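Pasting the sequence and the predicted coordinates here, then a few questions.
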Amino acid sequence: MSLTLKSEIFTRAVADITTPNELELLCKSGSPLRIKHGIDATSPYLHIGHAANLWKIRKLQEYGHKAVILFGDATTQIGDPTGKNKTRPILPKEEINSNIESIRSQVQSILINKPEVYEERRNSEWYGKMDSLEFLRLASMITHANLIERDMFQERIKKGAEITMAEILYPILQGYDSVVLEADMTIIGSDQVFNEHMGRFFQEKFGQSPQVIISLKLVPGLGGGEKMSKSIGNYIGVLDSPKDKFGKAMSMLDDLILPYLEIYTDVAEEEIIKIKNDLEQGSNPRDAKMFFAEKLVERYHGAEIAKQEKQNFISTFSNKEIPADLDVQNVSPGSWDAAELLVHTKLTSSKSEARRLLKQKAVEIDGRILQAGDKNIEIKSGSIIKVGKRKFLKIK
């Protein structure tokens, strides 16, 4: 069993490796590696940004290495401030457990679920038993200055925003997870590097070899700017239907085509280079998006369904047809607030996403564009709601 640094596994979509020399030694050891990947259960959904780490781990499983998936049921109650400008709300344990069950099924839909290459843990196994003195001994190994230098803490300090002590101590918990799991490697988004360096620090303190950190590139969500987020509505979900995956992919910014192909598909790099050259020569970005959309759906649902969704998309949007297989939903008669109607019919996941689409004049009912301030939308049986260029719903 030997993986080399020249392997696509350690080059494609990778932002950084800590450290390349340690990785090379691991690959030459001939021993199965324990690859840690932690997921906090703040939501029941994963998007393709989260899944990029899992697909990378899947590649290593195929060589015989073990995925160690850590569900952070304890750390979810504290909240990692990564990418956040405010403290995360605390979820009840029942919701955390429900979220974990949903996430678990999504993880297993990507990874090889065999005991020799797959292990699941929850960090309540050790944090639920750790007494305060033991935790204080951990905390005494690291200084406040080391923790507060984290970039998101510095941003909050500049803005005068609150930072709880629990948030400051969160990296200690994530770091100690690596000790308990005896992680040889972790594969993460580049926003998690600080916490995983804490893992290396604690592993050395406890006499273990420090884990190698493979951090993947972070790219913006569908509309650019921030990374994919359910609250913003700029994401493609693992649980999205093939139709929604295809449609959302077609809505992304042109500048994201190449990085999305690199990170979210297994399309050969030679093919990506060809598409890059074609785009530079003036080819229509729509064709490249359609190629990405088909390959994305193929990865999660198979080639046959991907081809079908491509044909459906061409029929519906290129030929200006209303889909024959319209979703139909019962809605109570009467007047509706526009944003509430979109959330109620599940055409948007949140009111904030609904208001954003309404401001963009991206919502129609029977051909009439809805406005952000519309409060008295009269609906009737047979009405068709259209959101953007890809979502349709028939009211019953």
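Now that the structure is in, tell me what you want to look at.

all strands for the stretch 101-250 of the chain, in order.
All strands of the stretch 101-250 of the chain, identified by DSSP state E, counting those that start in this stretch, fall at 118-122, 185-189, 212-216.

Tell me which of those sits nearest to Leu222.
For the strands of the stretch 101-250 of the chain, the distance to Leu222 is smallest for strand 185-189, at 17.0 Å, taking CB to CB. All C-beta spots, glycine's among them, are computed from the backbone N, C-alpha and C.

Show me what that closest one is in contact with.
With CB atoms under 8 Å, 6 or more residues apart in numbering as the test, strand 185-189 has contacts from 23, 26, 33-38, 49, 52-53, 56-57, 178, 196, 199, 211-216, 218, 227.

same thing but 6 Å
33, 35-37, 53, 56-57, 196, 211-216, 218 (CB atoms under 6 Å, 6 or more residues apart in numbering).

Give me the buried positions along stretch 207-224.
Buried residues in stretch 207-224, counted by 16 or more other CB atoms under 10 Å: 208, 210-216, 218-222.

Can I get the residues you listed in CSV including pLDDT and distance to Leu169?
As requested, those are exported to CSV (pLDDT from 0 to 100; distance: CB to CB, whole Å):
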residue, pLDDT, distance to Leu169
Gln208, 97, 21
Pro210, 97, 21
Gln211, 97, 20
Val212, 97, 25
Ile213, 97, 21
Ile214, 96, 25
Ser215, 95, 22
Leu216, 95, 26
Leu218, 91, 25
Val219, 92, 30
Pro220, 91, 30
Gly221, 89, 30
Leu222, 88, 34
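
which one of those residues sits closest to Ala15?
Once CB to CB is applied, the member of these that ends up nearest Ala15 is Ser215, at 4.9 Å.

wait, the closest one sits on Ser190?
Yes - contact criterion CB atoms under 6 Å: Ser215 and Ser190 qualify, at 4.3 Å.

Now the common contact residues for the two.
Common contacts of Ser215 and Ser190, defined by CB under 6 Å, 6+ apart, comprise Ala15.

Among the buried residues of stretch 207-224, find me the one that's closest to Ala67.
Proximity of the buried residues of stretch 207-224 to Ala67 (CB to CB) peaks at Ile214, which lies at 13.1 Å.

Quick one, grab the pLDDT at Phe194.
Note for Phe194: predicted pLDDT of 89.

before we move on, what about Ser2?
So Ser2 comes in at 47 (pLDDT).

Quickly note the distance from the residue nearest to the spatial centre of the chain to Leu33.
The centre of the chain sits closest to His50, judged by CA atoms, centre = their mean, with a distance of 2.9 Å. According to CB to CB, to the nearest Å, His50 and Leu33 sit 21 Å apart.
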